[in-house]
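S.K.: here's a sequence, model it:
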Amino acid sequence: MVGRSKLRTFDAIKSRVQRRLDGWKEKLLSQAGKEILLKIVAQAIPSYCMSIFLQPTSLCRELNVMMNRYRWGNQSSSKGILWKSWTKLGMSKRKGGLGFRDLHLFNLALLAKQAWRLIQDPDSMAAKFLKEKYFPQGPFLQA
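M.R.: Predicted coordinates:
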């Protein structure tokens, strides 16, 4: 149930990502190993919830900061050198980045995908249910 405080509601996602990153010792992994861990594990944890709910921007920003700190090896403290910003690391590999996702933009893309499914297949059970509950008088784009 999403209540009034969305940060508190989605705090479990942040703690799951933090636990997963804490489980891997940062000194034992190479830079490539950290990249794979972040792309495959840490960015996949919030993806299901992101496909259903709009996450607060601050939560996405905090998750990006946690992953950036882990990437550069100063996970436990806020001090240390971050050699490249998360924005630069999020650029495609062709443009000089490492291809990490910006979680807020990824969240918007997943929600847009759900909206596209509702528009393209209005006879599906999910579309009928959501239409009856949230927009019974008009089309989806008017809701």
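S.K.: the nearest residue to M91 once chain neighbours are set aside and A112: what is the separation?
M.R.: Spatially, and ignoring its direct neighbours in sequence, M91 is nearest to G97 (2.9 Å; CB to CB, 6 or more residues apart in numbering). Backbone N, C-alpha and C define where each C-beta goes, glycine included. Taking CB to CB, to the nearest Å as the measure, G97 falls 23 Å from A112.
S.K.: compare the two (neighbour count), which wins?
M.R.: Neighbours were tallied for G97 and for A112 using other CB atoms under 10 Å; the higher tally belongs to G97 (15 against 10).
S.K.: residue ranges of the strands in this protein, please?
M.R.: With DSSP state E, there are no strands along the chain.
S.K.: show me where it dips below the pLDDT cut-off.
M.R.: 1-5, 26-27, 74-84 (pLDDT under 70).
S.K.: need the longest helix for it.
M.R.: helix 103-120 (DSSP state H).
S.K.: so what secondary structure elements neighbour that helix?
M.R.: helix 47-50, helix 57-72, helix 125-134 (3 or more CB pairs under 8 Å, 6 or more residues apart in numbering; DSSP states H and E).
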